[in-house]
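[1] 3D, please:
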Amino acid sequence: MRKYLVIGNPIEHSLSPLIHNHWIKKYNLVDSVYEKRKVEEKNLKNLIKEIKGDEIVGVNVTVPYKKLIIPFLDELDFSAKETQSVNTLFKTNNKIIGYNTDRAGFGDTIREAYPLSNVSMEPQPLKGKCIFILGAGGVTSSIISALKGEGADNIILSNRTKEKANELRKLFPELEVLDWGKRPTICNIVINTTSVGLTKDEEVKIDFSDYDKSFHKNLLFYDLIYNPKETVFLKKARLRGNKTMNGKMMFLNQAKYAFNIWTNIMPEIDDDVIKLLD
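    Next up is the predicted model:
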């Protein structure tokens, strides 16, 4: 049996098994199974031993281990090196490689959701645009890296703990950091990478009420949360007439790229798999 895992702590909420087992069945990988496992930090080394010993074929890594897993790995791919964040593990030539598929997963959604990103003749569609990011958690470095890949050169970050925001500046010195609660003038894209909104009626306490006066539908509010489908952050943006997007497609895209690394199959994100998250 070829075993795949998603690890984290907590892990009960993870929907990764739903997605990957759907693809395992669809592509007739009859000897494979994908499970979730709660792992303590002290047991990360043992997990690597299981991969080395072919007890586990591939692993997805979620909070809080996207950075903590790195010292146990033999190599990092380009995206993982740049972001210092790993969400996928796979053994190649007896080496455990750490990959970051969050970056590509988010990049795909930005190109689909943001009108300027659809201009095929424009190699850097976000160049000169203002992006405001809320939060500095484990996935934020992947978001910044993807935005830079689209040409973004004006990225502003705010986090409750300013020290964490300043840590990201070590990876991305061009970042501008604002105190939490403050916000810049009108930006083209506002992205919530925090967990604020997971609980019903919980909202980011930053005033965006004037954002209905500029850009309107072309201004994008993006929340990485996908359950609930519409956070208060997104609901208020929708009522202002702004473009909105939740994190569902990013989640599916990052899973697609991980599945491809493990199986050499690029799975289709069709209505059936999308409905699994509804």
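
[2] helix/strand/coil for the nearest residue to A146 once chain neighbours are set aside?
    With CB to CB, 6 or more residues apart in numbering as the criterion, A146 has its nearest non-adjacent residue at 4.0 Å, and that residue is G107. (Glycine included, C-beta is placed from N, CA and C.) Assigned with DSSP: H, G, I helix; E, B strand; the rest coil, G107 falls in the helix class.

[3] Count the neighbours of G107 for me.
    Neighbour count for G107, taken as other CB atoms under 10 Å: 22.

[4] where in the stretch 51-200 of the chain is pLDDT low?
    Counting by pLDDT under 70, the stretch 51-200 of the chain contains low-confidence ranges at 113-123.

[5] measure Q254 to Y99 for me?
    10 Å (CB to CB, to the nearest Å).

[6] Which neighbours do these two have in common?
    With CB atoms under 8 Å, 6 or more residues apart in numbering applied, the overlap between the contact sets of Q254 and Y99 consists of N87.

[7] count of neighbours near the closest residue to V196 other than its chain neighbours?
    Nearest residue to V196 in three dimensions, chain neighbours excluded: V204, at 5.2 Å (CB to CB, 6+ apart). If you count neighbours by other CB under 10 Å, V204 ends up with 21.

[8] From what I see, V204 and K235 are in contact.
    No - assessed by CB atoms under 8 Å, V204 is found out of contact with K235, at 11.7 Å.

[9] can you pull the buried residues of the longest helix seen in the chain?
    The residue-count maximum for a helix in the chain (DSSP state H) belongs to helix 248-263. For helix 248-263, the neighbour count (16 or more other CB atoms under 10 Å) marks 248-259, 261-263 as buried.

[10] Out of the residues you listed, flag the one nearest to T194.
    Nearest to T194 among the buried residues of helix 248-263 is M250, at 14.9 Å by CB to CB.

[11] distance of the closest one from E230?
    16 Å.

[12] okay, now the domains of this protein?
    Listed domain ranges for the chain are 2-100+250-271, 104-245 (source: automatic domain parsing).

[13] JSON lines please, covering those and showing distance to D278.
    Converted to JSON lines, the domains of the chain look like this (distance: least, CB to CB, whole Å):
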{"stretch": "domain 2-100+250-271", "distance to D278": "10"}
{"stretch": "domain 104-245", "distance to D278": "8"}
